[in-house]
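Q: predicted model and sequence below, questions to follow.
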There are 2 protein chains.
Amino acid sequence: MTEFELIRRYFTRPARQAVLGVGDDAAILRPTPGHDLHVSVDMLVEGRHFFADVDPVALGHKTLAVNLSDMAAMGATPRWVLLSMALPQLDERWLAGFAEGFYRLAERYEVDLVGGDTTRGPLTLSVTVMGEAPQGQALCRAAAQLGDDIWVSGELGLGALAVASRQQGLAEQPWFTACRQRLDYPTPRLELGHALRGVAHAVADVSDGLLADLGHILECSGVGAEVWAECLPSLPAIEQQRATLLPYLAAGGDDYELVFTAPVSQRASVAAIAATVDCRLTRIGRIVVGDKAHLLAADGREISLQRSGFDHFDQA
Amino acid sequence: MTEFELIRRYFTRPARQAVLGVGDDAAILRPTPGHDLHVSVDMLVEGRHFFADVDPVALGHKTLAVNLSDMAAMGATPRWVLLSMALPQLDERWLAGFAEGFYRLAERYEVDLVGGDTTRGPLTLSVTVMGEAPQGQALCRAAAQLGDDIWVSGELGLGALAVASRQQGLAEQPWFTACRQRLDYPTPRLELGHALRGVAHAVADVSDGLLADLGHILECSGVGAEVWAECLPSLPAIEQQRATLLPYLAAGGDDYELVFTAPVSQRASVAAIAATVDCRLTRIGRIVVGDKAHLLAADGREISLQRSGFDHFDQA
């Protein structure tokens, strides 16, 4: 099978939203007048972002999901993606599985795969996502304001707990299956991102860990935050181990929830949004004067964690 | 150095053409009304697309150049790029050199680096380029017509000769320096691509080899071609070895010239364009009834090559 046969067999489906899709020197897209284009890229490397033996269907899903999550964090509607892959060999069963997981999620959100690149090399996947939002309505990191509530969607720490469980042989834990499902099949919070336009101030997705991603909001906005440890949402099965597992909730990566700030005056709106999206929204802190996030225990003492998030160049 | 420090130090320059550049969940771009968006991605893997000891300045140049070449082949103006990198380690000297080569070319064409991703992993570089052209004016592969002339820009075979020279220890050849320069610093034919709007029918860039890339035009257009071996342009120093080196001229990859078809009635226009761009344009054949390219000797006999181009999954 040549590169062109590979693309034709597994990665060529009609691009309904493109002037020209896969197969020329470039894809041709027609942006919506009055909208801004939002673009982002995420690269996944075997052994760093996923285990070598991961189910290819799950990997196809996740490779796209982490990119759609960036669009959710901007309040943008994803429309087109490009996929570039370095593959160590041509494994047709693997390719079919990967394409299945990728397209299933793409079709759910009406996202077109319009182009890409394939080459032989150590397994590496890079997706570029392009989306749109009406001009001036983007949800940026730099928009947090003093006194804002801080909210987070869904549950925290599941992805990191799944990774740690696997690495440390904790698969017997009662929460393992739910965590593994979240690690393999994260849900991009696109409906939530849309709903937050005009309601939230600053938004980011939680890919590197809550405190790290909130930290980006704080740095961009020039503010600080207090975060209430006992409020961080997690699974009921994890509650009894909350104290031990707090580092995963506060600093674990791979959750793909949204963390956002909104003025106190929008609490009713946020509650109304929570009723329409398929994840809970939890108020976990507030924006204060300062330049970083302080994780506070119920008695107000500050909790110090060894690390605040995942860094791809961290040697640990 | 963390991932964020790396990005801040080497890959954050003002994005003059972006609403929002590096540093949020996505970049925000404002497409030009009445224009289509052209997008393409190319991935480069160490040991496959470049030698491990390549000068990082050259690699920075080439990583961007091969992507700009895709815009040239569409007749589009490149405006924005995203860069995702897997790096085996943080080598600041390497990063500084890579950024220098990348930005030097980006600034020459006023292209903004608006985002990207960095992670640890086997050295892999993936660039997404986004450009624009007025609606309906794209130069596509499917537009070749019977009777069209076939033209190619510049010289052919230099990139492949440089690779072969290096692999086979032919560095003593008189043409080696020129070939190595072309391999390391290919010139995207952007001025030519622009000039061909309204003149050429079908256009592709020569990345996998002349016959392979012309083959894509033929397949997309449902036509065949005759290509005149003795007309394939090369360096004067190579002329005396033309017969031996013909496979490199006809099927070598990594040239990043443009191959295009144009009606006979446009010969004067093509000549006029040749006078304004910094590369020669050579008529090398014509579009005929059929479904593939036939390489013909001066006496009309067909020349058969072992392979027509470079395929990333070819085991050879």
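A: Received, thanks.
Q: so which elements touch the strand or helix carrying residue A:4?
A: Taking DSSP states H and E as the definition, residue A:4 sits inside helix A:3-10. Packing contacts for helix A:3-10, counted by 3 or more C-beta pairs under 8 Å, 6 or more residues apart in numbering or on different chains; DSSP states H and E, involve helix A:92-108, strand A:112-120. No exception for glycine: its C-beta is placed from N, CA and C like everyone else's.
Q: 6 Å instead, please
A: Applying 3 or more C-beta pairs under 6 Å, 6 or more residues apart in numbering or on different chains; DSSP states H and E, we find helix A:3-10 packed against no helix or strand.
Q: buried sites along that helix?
A: Buried residues in helix A:3-10, counting neighbours by 16 or more other C-beta atoms under 10 Å in any protein chain shown, are found at A:3-4, A:6-7, A:10.
Q: enumerate every residue touching residue A:279.
A: If a contact means C-beta atoms under 6 Å, 6 or more residues apart in numbering or on different chains, then residue A:279 has A:153-154 as its contacts.
Q: nope, residue A:150 is what I meant
A: So residue A:150 contacts A:225, A:261, A:284-286 (C-beta under 6 Å, 6+ apart).
Q: hang on, the earlier thing: how far is the helix holding residue A:4 from where the chain is centred?
A: 29 Å (C-alpha atoms, centre = their mean, to the nearest Å).
Q: next helix or strand past it?
A: Assigned by DSSP H and E, the successor of helix A:3-10 is strand A:18-20.
Q: and residue A:22, what element?
A: Counting by DSSP H and E, residue A:22 is part of no helix or strand.
Q: which residue does the stretch 101-250 of chain A have closest to chain B?
A: residue A:121 (3.5 Å; C-beta to the nearest C-beta).
Q: neighbours of that residue, how many?
A: If you count neighbours by other C-beta atoms under 10 Å in any protein chain shown, residue A:121 ends up with 22.
Q: quick one on the thing from earlier: now the contacts of residue A:150 in CSV, with pLDDT and neighbour count?
A: Below are the contacts of residue A:150 laid out as CSV (pLDDT from 0 to 100; neighbours: other C-beta atoms under 10 Å in any protein chain shown):
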residue, pLDDT, neighbour count
A:225, 98, 26
A:261, 98, 28
A:284, 98, 24
A:285, 97, 25
A:286, 97, 17
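Q: can I get those residues in JSON lines including secondary structure and distance to chain B?
A: Putting these into JSON lines (DSSP: H, G, I helix; E, B strand; the rest coil; distance: C-beta to the nearest C-beta, whole Å) gives the following:
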{"residue": "A:225", "secondary structure": "strand", "distance to chain B": "18"}
{"residue": "A:261", "secondary structure": "strand", "distance to chain B": "14"}
{"residue": "A:284", "secondary structure": "strand", "distance to chain B": "19"}
{"residue": "A:285", "secondary structure": "strand", "distance to chain B": "20"}
{"residue": "A:286", "secondary structure": "strand", "distance to chain B": "22"}
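Q: what score does residue A:167 have for pLDDT?
A: Residue A:167 is assigned a pLDDT of 77 by the prediction.
Q: contacts for the helix or strand where it lies next, please.
A: Take DSSP H and E as the rule and residue A:167 turns out to sit in helix A:158-168. For helix A:158-168, the surrounding residues in contact (C-beta under 6 Å, 6+ apart) are A:171, A:176, A:179-180, A:182-183, A:248, A:252-255.
Q: buried sites along stretch A:70-89?
A: Under 16+ other C-beta under 10 Å, the buried positions of stretch A:70-89 are A:70-87.
Q: among the residues you listed, which are in helices?
A: If you go by DSSP state H, those have A:70-74 in helices.
Q: out of these, which touch chain B?
A: Checking those against chain B by C-beta under 6 Å from any C-beta of the partner chain, the ones in range are A:70, A:73-74.
Q: any chance of the residues you listed in TSV, with pLDDT and distance to residue B:93 too?
A: Converted to TSV, these look like this (pLDDT from 0 to 100; distance: C-beta to C-beta, whole Å):
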residue	pLDDT	distance to residue B:93
A:70	95	31
A:73	95	34
A:74	95	35
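Q: before we move on, back to that, farthest pair within the contacts of residue A:150?
A: A:261 and A:284 (10.6 Å; C-beta to C-beta).
Q: any idea of the mean pLDDT in stretch A:79-92?
A: Per-residue scores along stretch A:79-92 average to 93.
Q: report the distance from that stretch to the chain centre.
A: The mean C-alpha position of stretch A:79-92 is separated from the chain mean by 20 Å, C-alpha atoms, centre = their mean.
Q: that one and chain B in contact?
A: Yes. Shown here: stretch A:79-92 in contact with chain B (C-beta under 6 Å from any C-beta) through A:82, A:84, A:86, A:90.
Q: pretty sure the third one contacts residue A:121?
A: So the one you mean is residue A:86. Yes. Residue A:86 lies in contact with residue A:121 (C-beta atoms under 6 Å); the separation is 3.2 Å.
Q: anything in contact with each of these two?
A: Joint contacts of residue A:86 and residue A:121 (C-beta under 6 Å, 6+ apart) are residue B:45.
Q: returning to that earlier point: quick check: mean pLDDT of the helix holding residue A:4?
A: On average, helix A:3-10 scores 78.
Q: could you give the angle of it to strand A:112-120?
A: 140 degrees (axes from the mean of the first three to the mean of the last three C-alpha atoms, to 10 degrees).
Q: where do the strands of the stretch 101-250 of chain A begin and end?
A: A:112-120, A:124-134, A:149-153, A:203-205, A:224-228 (DSSP state E, counting those that start in this stretch).
Q: please work out which of the ones you listed is packed deepest.
A: strand A:203-205 (a mean of 28; mean count of other C-beta atoms under 10 Å in any protein chain shown).
Q: quick one: strands adjacent to it?
A: Within its sheet, strand A:203-205 is paired with strand A:258-262 (antiparallel), according to DSSP bridges.
Q: tilt between the strand it pairs with and strand A:149-153?
A: 150 degrees.
Q: so what's the gap between strand A:258-262 and the chain middle?
A: On C-alpha atoms, centre = their mean, the centre of strand A:258-262 falls 14 Å from that of its chain.
Q: what lies in contact with it?
A: So strand A:258-262 is contacted by A:73, A:144, A:148-153, A:189, A:192, A:199-206, A:213-214, A:270, A:287 (C-beta under 6 Å, 6+ apart).
Q: quick one: it to strand A:224-228, angle?
A: Going by the same axes, to 10 degrees, strand A:258-262 makes 120 degrees with strand A:224-228.
Q: still on that earlier bit, out of the ones next to chain B among the ones in helices among the buried residues of stretch A:70-89, who's nearest residue A:238?
A: residue A:73 (24.5 Å).
Q: got a list of what that closest one touches?
A: Counted by C-beta under 6 Å, 6+ apart, residue A:73 has contacts A:203-205, A:258, B:25.
Q: and the buried residues of helix A:3-10, which is closest to residue A:58?
A: Closest to residue A:58, out of all of the buried residues of helix A:3-10 and judged by C-beta to C-beta, is residue A:10, at 16.6 Å.
Q: any idea how far residue A:69 is from chain B?
A: 8 Å (C-beta to the nearest C-beta, to the nearest Å).
Q: what about residue A:294? Give its phi and psi, please.
A: Dihedral pair for residue A:294: phi -110, psi 120, per degrees, to the nearest 10.
Q: residues near it, how many?
A: Residue A:294: 15 neighbours (other C-beta under 10 Å).
Q: next one: phi and psi at the nearest residue to residue A:186 once chain neighbours are set aside?
A: Excluding the flanking residues, the one nearest residue A:186 by C-beta to C-beta, 6 or more residues apart in numbering or on different chains is residue A:256, at 4.0 Å. Backbone torsions of residue A:256, given as degrees, to the nearest 10, read phi 60, psi 30.
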